[in-house]
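1. Below is the sequence, then the predicted model.
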Amino acid sequence: MKKITKLLTFILFCFAFTAKAQQIQTDRPNETESPTAIKVHHLQIESGFSYEKQDDEKTFEIPQAVFRYGLFKNAEIRIETAFKINEEQQEKHDGIDPIVIGAKYHLIDHKGLMPDLALLSRVSIPWMADNAFQDPKYSPEIRMLAQHELSKSSHVGYNMGIKWLAETAHPEYIYTLSADHALTKKIKLVAEAYGFTESHHHAQNSADIALLYVLKKNMQLDIMCGSGIMHSPKEKYVEIGLSYVL
């Protein structure tokens, strides 16, 4: 894991010298990914802390981070990682989750009834993790990302996708729906519902609400809380995060 840490540090160090400030737009803190891609030669870091309770199991991610870099026009590459602490009854495990490597490509700008559209693909690397959280297989995922502009201050976004589970290699289907409204120039309210389902299984659905606050043009604070609904094992979860452009 020391080699992985050094690699991430090196990537961040190299990107920082070519990055310039831009108006920040983030994919966090909810499940719905935005179709917006990072501008060319900009690095955006989306970091946060999360807590989730499921029956007698508690999971902390402290921190979780996504590094997004604008590779060329309308395209970004990304690295996602998290340090996880898992507590269940008398057992406790901690370490780095499998690192996820991905890319996003913005396909179409919104026009009339046509939404902004983008394609996101990513894969978790099973061996790029601490022993306690290594997966048996790679877990690829692909999503179509869409967002409609209702007004200058309101948007509706949704994702549809498929992910092949690391434990079984079976496909899991993903669907999300998110609505946001800018209360002021700096404060945005977001509500979301999303779910995951496998063939011949009940869908696991959740809902959450988030508040985003723009501290500076290139820096945003967020807080989110949610709960499982309709067959979801999640009881409750909460996140707080800070995102910024270098």
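-> Right, received. Where do you want to start? Not measured: the values here are computed from a predicted model.

2. Only C-alpha atoms from now on, for both contacts and neighbour counts.
-> Fine.

3. what sits up against the helix or strand hosting residue 244?
-> Residue 244 belongs to strand 236-245 when assigned by DSSP states H and E. Residues from elsewhere that reach strand 236-245 (Cα atoms under 8 Å, 6 or more residues apart in numbering): 19-22, 24, 26, 29, 42-54, 218-228.

4. so where is this structure shaky, pLDDT-wise?
-> Residues of the chain that meet the criterion pLDDT under 70 lie in 1-23, 231-234.

5. what about the strands in it?
-> Secondary structure of the chain by DSSP state E: the strands cover 43-54, 57-72, 75-88, 91-96, 100-108, 116-124, 139-149, 154-164, 171-182, 187-197, 204-216, 219-229, 236-245.

6. Confirm for me that residue 146 is in contact with residue 115.
-> Yes. Assessed by Cα atoms under 8 Å, residue 146 is found in contact with residue 115 at 6.0 Å.

7. between these two, who's got more neighbours?
-> Applying other Cα atoms under 10 Å to residue 146 and residue 115 shows that residue 146 carries more neighbours, namely 27 against 18.

8. residues touching the nearest residue in space to that one that is not next to it in sequence, list them.
-> Of all residues not flanking residue 146 in the chain, residue 117 sits nearest, at 4.6 Å (Cα to Cα, 6 or more residues apart in numbering). Neighbouring residues of residue 117 by Cα under 8 Å, 6+ apart: 35, 106, 107, 108, 109, 110, 144, 145, 146, 147.

9. In the sheet, which residues pair with the last one? Tell me.
-> When you say that, I think you mean residue 147. Counting by DSSP bridges, residue 147 forms beta bridges with residue 116, residue 157.

10. residues in contact with it?
-> Contacts for residue 147 were tallied using Cα under 8 Å, 6+ apart; they are 34, 35, 110, 115, 116, 117, 155, 156, 157, 158.

11. Equivalent analysis for the fourth one, please.
-> With Cα under 8 Å, 6+ apart as the criterion, the residues that contact residue 108 are 115, 116, 117, 118.

12. Tell me how far the first one lies from residue 56.
-> Read it as residue 115. Distance, residue 115 to residue 56, using Cα to Cα, to the nearest Å: 42 Å.

13. Residue 192 now?
-> When residue 192 is compared with residue 56 (using Cα to Cα), they lie 26 Å apart.
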